[in-house]
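# got a structure for you, letters missing:
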DNA sequence: TGCAAAACTTAACGTCGTTAAGTATTATTC
DNA sequence: GAATAATACTTAACGACGTTAAGTTTTGCA
């Protein structure tokens, strides 16, 4: 039964080619200027061939998005082990923001676009695993900091702390992505803004190690 | 010469009607589901009639956006005079965020969409006037707080402070707008998140009044 | 009343996402 | 090994989009 396996393999390969072509075009020409037709054309297939591999454009986008989440997660874990939990949060935040500005098109797709996705049970499991999901990773770091009493008494809600941190870094990235070319705004250099917001937020929430 | 004045008036009225119809549709059906054709149809004109009043769809969007900025500014000024400069910043921030979540489509257009606008000289003047522009209003409040030595010594750059505040509130609004319907996220109630991020950021940057 | 300009419409172009029908190619069955 | 069934892919088409060009009606003025 090696035949059907080869067929399977070929299908996977073509699927891969579609996704790679799509991602390439997204990055090169922007997501809005990338049509199904252009994606197919890039690998010399007819536009409708895509629909044997992806239900529609949104599904294709979602699959690419899924891979990007994995990439972000890797960027976040690349900070490695850091003893001080607050320092660790700081580094994760910086990794997040650097990823965002380095991959603006992906970031826009991941966090600035509404997707009507109903996550599969499998997704849900992955998402609560710090080894897979970026948010879970942050949660883990925050939980550690909480255990070491590194947050001021006013900040005791795990979700709220995480979402506050997330809002801060997301705001910084989103503003950079959307506004960096705007003439009328004198934005400070991004690294400076990124570091400042993390400093400020952590300074606002944390207390020194006992 | 009353005739040409009446004509002028009529042009303005029709222009208004196009803009009102456009905004109505944006709010009702979302910005992406609103086409030039539908806008024209809504007030019983042919699709191409619009192009006598607006160069293209983007121009129409920009004009609507301009009005929304005025509305946001009004929301921000409605907090009134508050003696304590940091309290004032807090209130402006809350007004900003409440505006954002109350008018998500507009907010998306205003702050989450890239516009390649070259501001006119007139625009530039308006934008530096706290009586017109929201960012200038924030800047003014921050400047006042600086004058009263309400920021920690580490935070002495006006632009950086403003942009840090902005990133925080923008992040909160943007996450709410984009993610509020996402199943897999347990977002805390918005008001809570909004208040927390302002508390945290101001707590991180400010020191008590001398 | 005739004419020029302005306001508006119709028709069209090239784009898009997507579906349905058709055609090759491949695997399976006799 | 030829006939049949399934798979993979293409062609053609639909209805929608933003926008332009050409045509038509309406209007103001001589």
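Okay, I see it. All figures in this text were calculated on a predicted structure; none of them were measured in a lab.

# ok, which residues in chain A are in contact with DNA strand C?
A:3-4, A:6-7, A:34-38, A:47-48, A:51, A:56-58 (C-beta under 7 Å from any atom of the strand). Heads up, the C-betas are built off the backbone N, CA and C, glycines and all.

# quick one: which of those residues is nearest to residue A:69?
residue A:58 (16.1 Å; C-beta to C-beta).

# list the buried ones in the helix or strand harbouring the closest one?
According to DSSP states H and E, residue A:58 maps onto helix A:57-77. If you call a residue buried by 16 or more other C-beta atoms under 10 Å in any protein chain shown, then helix A:57-77 has these buried ones: A:60, A:61, A:62, A:63, A:64, A:65, A:68, A:69, A:72, A:73, A:75, A:76.

# Now the residue lying closest to residue A:75 once chain neighbours are set aside: which helix or strand?
Of all residues not flanking residue A:75 in the chain, residue A:99 sits nearest, at 4.4 Å (C-beta to C-beta, 6 or more residues apart in numbering or on different chains). Residue A:99 is part of helix A:85-102 when elements are defined by DSSP H and E.

# Please name every helix or strand in contact with that helix.
For helix A:85-102, the elements it packs on are helix A:57-77, helix A:104-111, helix A:134-147, helix A:158-179, helix A:190-205, judged by 3 or more C-beta pairs under 8 Å, 6 or more residues apart in numbering or on different chains; DSSP states H and E.

# List the contacts of the helix or strand of chain A with the lowest mean pLDDT.
Taking mean pLDDT, DSSP states H and E as the measure, the helix or strand of chain A with the lowest value is helix A:121-127, at a mean of 74. Under the criterion C-beta atoms under 8 Å, 6 or more residues apart in numbering or on different chains, residues A:119, A:132, A:133, A:135, A:136, B:184 lie in contact with helix A:121-127.

# since we're on the second one, how many residues are nearby?
Residue neighbour count, defined by other C-beta atoms under 10 Å in any protein chain shown, stands at 15 for residue A:132.

# Same check on the fourth one?
Residue A:135 has 18 neighbouring residues, counting by other C-beta under 10 Å.

# And the residue of chain A closest to chain B?
Going by C-beta to the nearest C-beta, chain B is nearest to residue A:171 of chain A, at 2.6 Å.

# Relative to residue B:26, how far out is that residue?
24 Å (C-beta to C-beta, to the nearest Å).

# quick one: which of these two has more around it?
Neighbour tally, residue A:171 and residue B:26, criterion other C-beta under 10 Å: the higher count belongs to residue A:171, 27 against 20.

# what does the model give that one for pLDDT?
Residue A:171 carries a pLDDT score of 98 in this model.

# residues contacting the closest residue to it other than its chain neighbours?
Take residue A:171 and drop its neighbours on the chain: the residue closest to it by C-beta to C-beta, 6+ apart is residue B:171, 2.6 Å away. Neighbour list for residue B:171: A:166, A:167, A:168, A:169, A:170, A:171, A:172, A:174, B:197 [criterion: C-beta under 8 Å, 6+ apart].

# Closest one of those to DNA strand C?
Nearest to DNA strand C, judged by C-beta to the nearest atom of the strand, of the contacts of residue B:171 is residue A:174 at 24.2 Å.

# Enumerate every residue touching that closest one.
Residue A:174 touches A:100, A:111, A:112, B:112, B:170, B:171, B:174, counting by C-beta under 8 Å, 6+ apart.

# Could you count how many residues lie near residue A:178?
Neighbour count for residue A:178, taken as other C-beta under 10 Å: 20.

# Quick check: the nearest residue to it once chain neighbours are set aside vs DNA strand D, distance?
Nearest residue to residue A:178, sequence neighbours excluded (C-beta to C-beta, 6+ apart): residue B:114, at 5.6 Å. Per C-beta to the nearest atom of the strand, to the nearest Å, residue B:114 is found 15 Å from DNA strand D.

# Quick check: the residue of chain A closest to chain B vs residue B:62, distance?
Per C-beta to C-beta, residue A:171 is found 23 Å from residue B:62.

# One more: residue A:153?
Distance from residue A:153 to residue B:62, by C-beta to C-beta: 47 Å.

# how far is the helix ranked longest in chain A from where the chain is centred?
Ranked by residue count, the top helix of chain A under DSSP state H comes out as helix A:2-29. Mean C-alpha position of helix A:2-29 versus that of the full chain (C-alpha atoms, centre = their mean, to the nearest Å) differs by 22 Å.

# now swap in stretch A:101-116 and tell me
Computed by C-alpha atoms, centre = their mean, the chain-centroid distance of stretch A:101-116 equals 7 Å.

# Show me where chain A dips below the pLDDT cut-off.
Applying pLDDT under 70 to chain A picks out residues A:1-6, A:117-119.

# how deep is the residue lying closest to residue A:204 once chain neighbours are set aside tucked in, by neighbour count?
Using C-beta to C-beta, 6+ apart and skipping the chain neighbours, the partner closest in space to residue A:204 is residue B:204 (3.1 Å). Residue B:204 is flanked by 24 other residues according to other C-beta under 10 Å.

# Looks like residue B:204 contacts residue A:202 (just checking).
Yes: using C-beta atoms under 8 Å, residue B:204 is in contact with residue A:202, at 7.5 Å.

# for residue A:15, what are its contacts?
Residue A:15 touches residue A:53, counting by C-beta under 8 Å, 6+ apart.

# If you could redo that for residue A:81, that was the one I meant.
Taking C-beta under 8 Å, 6+ apart, we find residue A:81 in contact with residue A:88.

# Would you confirm that it belongs to a helix?
No: the assignment for residue A:81 by DSSP: H, G, I helix; E, B strand; the rest coil gives coil, which leaves it out of any helix.

# For residue A:83, grab phi and psi.
In terms of degrees, to the nearest 10, the main-chain angles of residue A:83 are phi -60, psi -50.

# neighbours around it, how many?
Count around residue A:83 with other C-beta under 10 Å applied: 7.
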